[in-house]
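In: sequence below, structure please.
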Amino acid sequence: MIRKYRETDIDQVLDIWLSASIKAHAFIGSAFWQSTVSEMRDTYIPASETFVCEYEGQIAGFYSLYGNTLAAVFVSPGLQGKGVGSAMLDDAKTRRECLQLTVYKENAPSINFYKKHGFILLKEQIDERTGHPELVMECYC
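Out: A predicted model of the protein is given here:
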């Protein structure tokens, strides 16, 4: 079940974000992700329209929209590969006519996931915070 984020979800959302970020972005290192948890809590989540996906009574993942940007899609590492990410992405696509996102170029599994769901490459750029190349992708929903 996908539902609107509630403030009481914050600890579970941050745990999912941190563990999934470390797993998907090992090329950056866990210290960077750990140093940005407070930014997620205090800035990014409150500024975004966030939805959570519940699976077997727990929050399995979440996604955040900021305007037409899909700012986050994260699934708890133990529940990846069970359709949670696809369900959330399908839900996000019903809420906008067009979505854009950025994904690290080194994150091939996520790039393939987005391509499978109709996203196309627009351009490549450098993430100023990490110095790593990222791709800007877009999908017309």
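
In: report the distance from stretch 9-16 to the chain centre.
Out: 13 Å (Cα atoms, centre = their mean, to the nearest Å).

In: ok, stretch 55-73 next?
Out: Going by Cα atoms, centre = their mean, where stretch 55-73 is centred and where its chain is centred differ by 6 Å.

In: what comes up buried for that stretch?
Out: Across stretch 55-73, burial judged by 16 or more other Cβ atoms under 10 Å covers 55, 59-65, 70-73. Glycine gets a C-beta too; all of them are placed from N, C-alpha and C.

In: same check on stretch 115-134?
Out: Result for stretch 115-134 [16+ other Cβ under 10 Å]: buried residues 117, 119, 134.

In: what sits against the residue nearest to Tyr104 when sequence neighbours are not counted?
Out: Sequence neighbours aside, Glu134 is the residue nearest to Tyr104 in space, at 5.1 Å (criterion: Cβ to Cβ, 6 or more residues apart in numbering). By Cβ atoms under 8 Å, 6 or more residues apart in numbering, the contact list for Glu134 reads 102-105, 124-127.

In: ok, which pair from these is furthest apart?
Out: Val103 and Ile126 (13.5 Å; Cβ to Cβ).

In: that older thread, which ones among the contacts of Glu134 lie within helices?
Out: Counting by DSSP state H, no part of the contacts of Glu134 is found in helices.

In: give me phi/psi at Thr36?
Out: phi -110, psi 10 (degrees, to the nearest 10).

In: would you mind measuring from it to Asp9?
Out: From Thr36 across to Asp9, the span is 19 Å (Cβ to Cβ, to the nearest Å).

In: and what of Gln80?
Out: Counting by Cβ to Cβ, the gap from Gln80 to Asp9 is 19 Å.

In: with Ala60 instead?
Out: 12 Å.

In: next: Ile120.
Out: Note on Ile120: its distance to Asp9, by Cβ to Cβ, is 32 Å.

In: ok, now Glu128?
Out: Separation of Glu128 from Asp9 (Cβ to Cβ) stands at 29 Å.

In: what are the contacting residues of whichever helix or strand Asp11 is part of?
Out: Asp11 belongs to helix 10-24 when assigned by DSSP states H and E. With Cβ under 8 Å, 6+ apart as the test, helix 10-24 has contacts from 5, 30, 33-34, 37, 40-41, 45, 50, 52, 58-62, 72, 74-77, 80, 107, 109-110.
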